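Colleague: Predicted coordinates and the sequence they were generated for:
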Amino acid sequence: MSKIRIGVLCSGGGTNFQAIVNAQEAGLIPDGELVLVVTDRADAYVLTRAARYGIPTAVCDKKQIPARAEREAAILKTLKEHDVQMVVFAGFMTILSERFVKAYEGCIVNVHPALIPSFCGAGMYGLHVHEAVLARGVKVTGATVHYVTEECDGGPIILQKAVEVKAGDTPEILQKRVMREAEWIILPEAVELVCKKLLKN
């Protein structure tokens, strides 16, 4: 086996997916290959991005499949059909169950827009994280890539990168800086690290 087959789960615009694509095209993920994008929203812009690169996509829409267990089963089935060996959560807004995690144990990573264990856990996603950072008055934030376990944001940390919080930051401005200076850098790096590790096992 020459490359680990990677599936990306994404609910929105797909900027982190784009970072992985860019890294792959630059030869920075030699041990992995993007083979599938799955979204839980039929209108997610990540579908457009994936189409641009000829990467297969699947939609397990929350409106079409409202029951989480049923939607999760559909996602798992799709991943298995595409022989996905590693799963990347890149702004995926559905928290998946222990059953899902067990199916890909040690092979699922997530990017979180803060320095875990700070500003993480239930309710801490998207702009909420950056709002909390600014409300607390911390001077340094960042991003974390970690393994996904049953505990929300509780899996072992793979990589972290710090980002300065600046005077006058709004949640939106800070979100963009954290993406640009941390998430888009460490997510592809972590993907390659995990792919390399999986190939050795």
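Modeller: Perfect, thanks for sending it. Numbers count the residues shown, from 1 in each chain.
Colleague: drop to CA atoms for contacts and neighbour counts, all remaining ones
Modeller: Noted.
Colleague: residues touching residue 56, list them.
Modeller: Neighbour list for residue 56: 35, 36, 37, 50 [criterion: Cα atoms under 8 Å, 6 or more residues apart in numbering].
Colleague: Over to the second one. Which of the three states is it?
Modeller: In terms of secondary structure, residue 36 is strand; the call rests on DSSP: H, G, I helix; E, B strand; the rest coil.
Colleague: Just list whatever residues bridge to it.
Modeller: Note on residue 36: beta-bridge partners by DSSP bridges are residue 7.
Colleague: Quick check: closest non-adjacent residue to residue 4.
Modeller: In space, and not counting its chain neighbours, residue 4 is closest to residue 32: 4.5 Å by Cα to Cα, 6 or more residues apart in numbering.
Colleague: now do residue 96
Modeller: Closest to residue 96 by Cα to Cα, 6+ apart is residue 72, at 7.0 Å.
Colleague: wait, isn't the one you found in contact with residue 100?
Modeller: Yes. Residue 72 is within contact range of residue 100, at 7.3 Å (criterion: Cα atoms under 8 Å).
Colleague: Quick check: residue 42 touching residue 64?
Modeller: No. Taking contacts as Cα under 8 Å, residue 42 lies outside contact range of residue 64: 9.3 Å.
Colleague: Please identify every residue contacting each of those two.
Modeller: With Cα under 8 Å, 6+ apart, residue 42 and residue 64 have no common neighbours.
Colleague: Those two: which is more packed in?
Modeller: More neighbours surround residue 42 than the other of residue 42 and residue 64, with 17 against 12 (other Cα atoms under 10 Å).
Colleague: That one: what's it in contact with?
Modeller: Residue 42 neighbours (Cα under 8 Å, 6+ apart): 59, 60, 61.
Colleague: Equivalent analysis for residue 132, please.
Modeller: Contacts of residue 132 by Cα under 8 Å, 6+ apart are residue 119.
Colleague: Okay, and it sits in which element?
Modeller: Using DSSP states H and E, residue 132 falls within helix 127-136.
Colleague: Present the contacts of residue 56 as CSV; the columns should include neighbour count, distance to residue 119 and pLDDT.
Modeller: Listed next are those as CSV, based on neighbours: other Cα atoms under 10 Å; distance: Cα to Cα, whole Å; pLDDT from 0 to 100:
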residue, neighbour count, distance to residue 119, pLDDT
35, 20, 32, 98
36, 22, 30, 98
37, 26, 27, 97
50, 21, 30, 97
